[in-house]
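Q: below are the sequence and a predicted model; questions follow.
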Amino acid sequence: LVVQALRDLLAEGAGEDDDFDTEVMQADQGSPEDWLGSVGTAPFLAERRTLVVRNLLRLDPDKAFKEKSGAKSHPFAARLKALPATARLVLVGDSESGDYAKQKTLGDVGGRWEKIVKAGGGQVLRFDPDPRRASERIKAEAERRGLKVSPKVALLLGEMVGGQVGMALQELEKLALYIHPDKKVEESHVRSLVTATPEFNVFSMIDAIVEGRPAQAAAALQVVLYSGPRGAEESAPLIMRLLIRRFTHLWEARICQEHRVSPAALPDEVARLMGAKPNITSLPAWQADRLLPHARRLGFDRLTAAMEEILRADCRLKGILPGFSPADTLEEMTIRLAGLCQGRN
């Protein structure tokens, strides 16, 4: 999506001689001063001088400038305002791979650049990583490569890469090497060949917990703990954060059912019963809809018991209560939670 948007942006109003006045740089191979100096140069033949800076998130603006200031008074924002009308500077925050900690850092860097660009009078374009929307593009690209992909499999691929179409297209190239063009891409192919984000593996574990499948939940936990470089101690915060969020959303979904209202249109008296945002009202409609059957089946009693189990495990992980190793604590919690959701005592 980012690449296509960049192509459309550069093609808009482009002339025959724009190639002489268009340059591409990598953010980590130059400085912002280099960008401004290049794009501020008078164009040779075209009407505008264009500079595209790729992989912007690799350069933290807080580290690139010695001056410490807020976004509105940032020196780069001031320099952006001073660029001539012939200058067109395009900063691209390409998708980057990495674990949860790295993705959070990249998100923070992107947020800082957005504030600076807006303060400098620039425009910011964002792309919705909704896997369901991404799956349409994934399916189309797969067919263009001669691969037969069902909507369900395209959605799975999108979910496994966190809705990042660029990463999904890279995984399609991998699938194309292993699967004959005349054959259909099955769910088993995607699960065995595609490199999933850490969050997807945790989501798979939580799905098994909520559906009351202890064996599958425990197996998924082992994948989370031992399939990558992060061990149980480093994985625990991510697991607990996503687990607490899921059961909080289930509780909120049950409140919606009790009041016979949709999460997308809550009256004020019900909205006040929700937790702090991001709550269920912040979710895309398709995600909220997936919660409703489980919330109805579990009810408040089992959801309460599940939250108490999560709280005990969290206290053991933090040393507030005596417990086992982080891996054993997480495994015991996972099996007990899945048993609760299955209806066992």
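A: Ah, there it is.

Q: when you work out contacts or count neighbours from here on, use the C-alpha atoms and nothing else.
A: OK.

Q: could you list the low-pLDDT ranges of the stretch 1-150 of the chain?
A: Low-confidence segments of the stretch 1-150 of the chain, defined by pLDDT under 70, span residues 1-6, 8-19, 66-72, 97-101, 127-133.

Q: mind running it again at 90?
A: For the stretch 1-150 of the chain, residues meeting the criterion pLDDT under 90 lie at 1-24, 28-33, 36, 42-48, 50, 61-79, 88, 92-108, 120, 123-150.

Q: what number of residues are in the vicinity of Ser192?
A: Per other Cα atoms under 10 Å, the neighbour tally for Ser192 reads 9.

Q: ignore the last one, Pro75
A: By other Cα under 10 Å, the residues close to Pro75 number 17.

Q: the stretch 51-200 of the chain: strands as residue ranges?
A: For the stretch 51-200 of the chain, the strands defined by DSSP state E, counting those that start in this stretch cover 87-91, 148-149, 184-185.

Q: out of those, which is closest to Ala271?
A: Nearest to Ala271, of all the strands of the stretch 51-200 of the chain, is strand 87-91, at 38.7 Å by Cα to Cα.

Q: packing partners for the closest one?
A: On a contact count with 3 or more Cα pairs under 8 Å, 6 or more residues apart in numbering; DSSP states H and E, strand 87-91 meets helix 32-39, strand 49-54.

Q: now the strands of the stretch 51-200 of the chain in TSV, with mean neighbour count and distance to Thr281?
A: Below are the strands of the stretch 51-200 of the chain laid out as TSV (neighbours: other Cα atoms under 10 Å; distance: least, Cα to Cα, whole Å):
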stretch	mean neighbour count	distance to Thr281
strand 87-91	20	32
strand 148-149	20	32
strand 184-185	18	35
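
Q: and those strands: which comes nearest Gln287?
A: Across the strands of the stretch 51-200 of the chain, Gln287 has its closest neighbour in strand 148-149 (22.4 Å, Cα to Cα).

Q: packing partners of the closest one?
A: helix 131-144, strand 184-185.

Q: tell me the strands beside that strand, with direction?
A: strand 184-185 (parallel) (DSSP bridges).

Q: and the longest helix along the chain, what's buried?
A: In the chain, assigned by DSSP state H, the helix with the most residues is helix 285-317. By neighbour count on 16 or more other Cα atoms under 10 Å, the buried set for helix 285-317 is 288, 291-292, 294-296, 298-299, 302-303, 306-307, 309-310, 312-314, 316-317.

Q: so where's the stretch 201-345 of the chain uncertain?
A: Residues of the stretch 201-345 of the chain meeting the criterion pLDDT under 90: 201, 223-238, 263-266, 271-272, 274-279, 281-290, 323-324, 342-345.

Q: kindly recompute the last result at 70.
A: Low-confidence segments of the stretch 201-345 of the chain, defined by pLDDT under 70: 227-230, 343-345.

Q: of all the helices and strands packed on strand 148-149, which one comes closest to Glu252?
A: Glu252 sits nearest to helix 131-144 of all the helices and strands packed on strand 148-149, at 22.9 Å, using Cα to Cα.

Q: show me what that closest one is packed against.
A: Helices and strands touching helix 131-144, by 3+ Cα pairs under 8 Å, 6+ apart, are strand 148-149, helix 151-160, helix 165-178.

Q: contact partners of the second one?
A: Spelled out, it's helix 151-160. By Cα atoms under 8 Å, 6 or more residues apart in numbering, the residues outside helix 151-160 that reach it are 131-132, 134-136, 138-139, 164-165, 168, 185-187, 190, 194-197, 200.

Q: give me the buried positions along it.
A: Neighbour counts over helix 151-160 (16+ other Cα under 10 Å) mark Val153, Ala154, Leu155, Leu156, Leu157, Gly158, Glu159, Met160 as buried.

Q: with pLDDT and distance to Pro214 added, can I get those in TSV?
A: Below are these laid out as TSV (pLDDT from 0 to 100; distance: Cα to Cα, whole Å):
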residue	pLDDT	distance to Pro214
Val153	88	25
Ala154	87	27
Leu155	85	25
Leu156	87	22
Leu157	87	25
Gly158	84	26
Glu159	83	22
Met160	85	22
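
Q: how about stretch 187-204: buried residues?
A: Buried residues in stretch 187-204 (16+ other Cα under 10 Å): Val190, Val194, Ala196, Thr197, Pro198, Glu199, Phe200, Asn201, Val202, Phe203, Ser204.

Q: not counting sequence-adjacent ones, nearest residue to the fourth one?
A: The reference is to Thr197. Closest residue to Thr197 apart from its sequence neighbours, by Cα to Cα, 6 or more residues apart in numbering: Val161 at 5.6 Å.

Q: how much space between the one you found and Ile239?
A: 18 Å (Cα to Cα, to the nearest Å).

Q: give the contact list for His294.
A: By Cα under 8 Å, 6+ apart, the contact set of His294 is Val210, Glu211, Leu250.
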